[in-house]
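A.B. asks: here you go, sequence then predicted model.
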Amino acid sequence: MKRIILTGDRPTGHLHIGHYVGSLKERVKMQNDDNYDAFYIMIADAQALTDNADNPEKVRDNVLEVMLDYLAVGLDPKKVIFFIQSGVRALPELTAYYMNFVPYSRVIRNPTVKSEVRTKNFGRSVPIGFINYPISQAADITAFKANMIPVGEDQNPMLEQTREIVRSFNRIYKTNVLVECEAVLSDNASCLRLPGTDGNEKMSKSIGNCIYLSDEASVIKKKVNSIVTFPREIDAPGVLKNNVLFIYLDAFCKEDSFEKFYPEFKDLDELKFAYRKGGIGDGRIKKFLYDVLNDELTPVRERRKSFAGRTDELMAILKEGTEKANMVADQTLAEVKNAMGINYFA
Ligand code: TRP
């Protein structure tokens, strides 16, 4: 079995630390493990347009920002094929065929789509393209026969939908052209869905509760200090449940974090124990969290700056990747049409 990795992000803003611990770090790990046959990362501009049709400049401008974030975290164009979704001509055609396998009742039941429709305040005017994006995502994945998808937990319903389409297609056309995929999730539970700095369960640009990979140290400090904690006397026992500071520490603490920034304690378990007993103020925890975050994000921010302004180089990487992606996706589309018996002139 070939190991084909594919994932992507919507270019609607800079990437944040939720993306970082939820998926980007896993991608870098997979890239460096070198245990794969192909590794694609797609900038999902067409999907971003499904809820930004009236704001195409935003999507266009963020293509390069997302590319900068990728390079900043250490993803390497020598190992990964980066491409732009709208540049791959087979994707909308595959989407059109797959749409026939998905009942309307099934698309509107997708929990991620449902919650997005709610938070984006579409009301009754939700675009068909938006409701349809899980089907187009099935095209993104199957066009490359990708079977390993490093994503955040919120993408599970998309992968489930993709598998259903794959099974229906292969069964009805008696073929094995399409390949089933699995999510590759972080094994650190705190990384699966990082809450926002306001305690909201999702970190999201539209809510305004994000710490971005591009944030300067002073901005990170301000944002960490703005995290709301349960008010208590310093000697009163601290509460760990739903405590954003400790969820972030769970996601970001490394072996040497204590030695470097909080030598009174050996590790996070020790700190949690002491915090629970009382006597440690949230101001001290915020200082530690800031140190840990900034230590991790400083090299990312610096690498981002070193690529910023090199627009021609970034576009060349995307152009070359998009050409490679077209070759692979065209081949899959030909196989799909062949299986469907609509290859009339082949
Ligand atoms: N839906 C993903 C997101 O919002 C982006 C995406 C589009 C994607 N196509 C994909 C992710 C294919 C993985 C595989 O972040």
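C.D. replies: The structure has been received and is ready for your questions.

A.B. asks: residues in contact with the worst-scoring helix or strand of the chain on mean pLDDT?
C.D. replies: In the chain, no helix or strand scores lower on mean pLDDT, DSSP states H and E than helix 189-192, which sits at a mean of 86. Applying Cβ atoms under 8 Å, 6 or more residues apart in numbering, the set of residues contacting helix 189-192 from outside is Val21, Gly22, Lys25, Gly152, Glu153, Leu185, Ser186, Ile247, Tyr248, Asp250, Ala251. Backbone N, C-alpha and C define where each C-beta goes, glycine included.

A.B. asks: run the last query once more with 6 Å
C.D. replies: Residues outside helix 189-192 that contact it (Cβ atoms under 6 Å, 6 or more residues apart in numbering) are Val21, Gly22, Glu153, Ile247, Asp250, Ala251.

A.B. asks: ok now it, how far from the chain's centre?
C.D. replies: Its chain's average C-alpha position is 13 Å from that of helix 189-192, according to Cα atoms, centre = their mean, to the nearest Å.

A.B. asks: in it, what's buried?
C.D. replies: Buried residues in helix 189-192, defined by neighbour count with 16 or more other Cβ atoms under 10 Å: Ser190, Cys191, Leu192.

A.B. asks: so which bits of the protein are right by the ligand?
C.D. replies: Counting by Cβ under 6 Å from any ligand atom, the chain comes close to the ligand at 6-10, 44, 47, 137, 140-141, 149, 151, 155, 158.

A.B. asks: now render those residues as TSV, adding secondary structure and neighbour count.
C.D. replies: TSV is the format used below for the residues of the chain next to the ligand (DSSP: H, G, I helix; E, B strand; the rest coil; neighbours: other Cβ atoms under 10 Å):
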residue	secondary structure	neighbour count
Leu6	strand	24
Thr7	strand	26
Gly8	strand	23
Asp9	strand	22
Arg10	coil	20
Ala44	coil	24
Gln47	helix	26
Gln137	helix	25
Asp140	helix	28
Ile141	helix	27
Ile149	strand	24
Val151	coil	20
Gln155	helix	21
Met158	helix	24
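
A.B. asks: ok and the residue in the stretch 201-346 of the chain nearest the ligand?
C.D. replies: When scored by Cβ to the nearest ligand atom, the stretch 201-346 of the chain has Ser204 as its residue closest to the ligand, at 10.8 Å.

A.B. asks: same question but for the stretch 151-300 of the chain, I mixed them up
C.D. replies: Val151 (5.1 Å).

A.B. asks: torsion angles phi and psi at that residue?
C.D. replies: phi -140, psi 170 (degrees, to the nearest 10).

A.B. asks: could I get the contacting residues of it?
C.D. replies: Contacts of Val151 by Cβ under 6 Å, 6+ apart are Thr7, Ser23, Ala183.

A.B. asks: so what secondary structure elements neighbour the helix or strand where the last one lies?
C.D. replies: What that stands for is Ala183. Using DSSP states H and E, Ala183 falls within strand 182-184. Other helices and strands packing on strand 182-184, by 3 or more Cβ pairs under 6 Å, 6 or more residues apart in numbering; DSSP states H and E, are strand 148-150.

A.B. asks: how far does the strand it packs on sit from its chain's centre?
C.D. replies: 11 Å.

A.B. asks: what's the answer for stretch 187-194, then?
C.D. replies: Using Cα atoms, centre = their mean, the offset of stretch 187-194 from its chain centre is 13 Å.

A.B. asks: per the annotation, how does the protein divide into domains?
C.D. replies: Annotated domains of the chain cover 4-193+311-340, 217-305 [automatic domain parsing].

A.B. asks: buried deepest among those domains, which one?
C.D. replies: domain 4-193+311-340 (a mean of 18; mean count of other Cβ atoms under 10 Å).

A.B. asks: circling back to that earlier point, out of the buried residues of helix 189-192, the closest to Leu314 would be?
C.D. replies: Cys191 (27.5 Å; Cβ to Cβ).

A.B. asks: identify the residue spatially nearest to that closest one, adjacent ones excluded.
C.D. replies: Nearest non-adjacent residue to Cys191, counting by Cβ to Cβ, 6 or more residues apart in numbering: Val21, 3.9 Å away.

A.B. asks: surely that neighbour and Phe252 touch.
C.D. replies: No: with contact taken as Cβ atoms under 6 Å, Val21 and Phe252 are classed as non-touching, separated by 7.1 Å.

A.B. asks: if we can go back for a sec, quick one: mean pLDDT for the strand holding Ala183?
C.D. replies: Strand 182-184 shows a mean pLDDT of 96 in the predicted model.

A.B. asks: next: stretch 83-94.
C.D. replies: pLDDT averaged over stretch 83-94 gives 98.

A.B. asks: what does it rub up against?
C.D. replies: Against stretch 83-94 from outside (Cβ under 6 Å, 6+ apart): 42-46, 139, 143, 318, 321-322, 325-326, 329-330, 333.

A.B. asks: swap the cut-off to 8 Å and go again
C.D. replies: Contact with stretch 83-94 is made by 8, 40-47, 49, 63, 136, 139-140, 142-143, 318, 321-322, 324-326, 329-330, 332-333, 336, as judged by Cβ under 8 Å, 6+ apart.

A.B. asks: report pLDDT for the residue nearest to Cys191.
C.D. replies: In this prediction Val21 is given a pLDDT of 95.

A.B. asks: please apply the same query to Ala346.
C.D. replies: For Ala346, the pLDDT comes out at 83.

A.B. asks: ok, now how distant is it from Val177?
C.D. replies: Distance of Ala346 to Val177, given as Cβ to Cβ, to the nearest Å: 14 Å.
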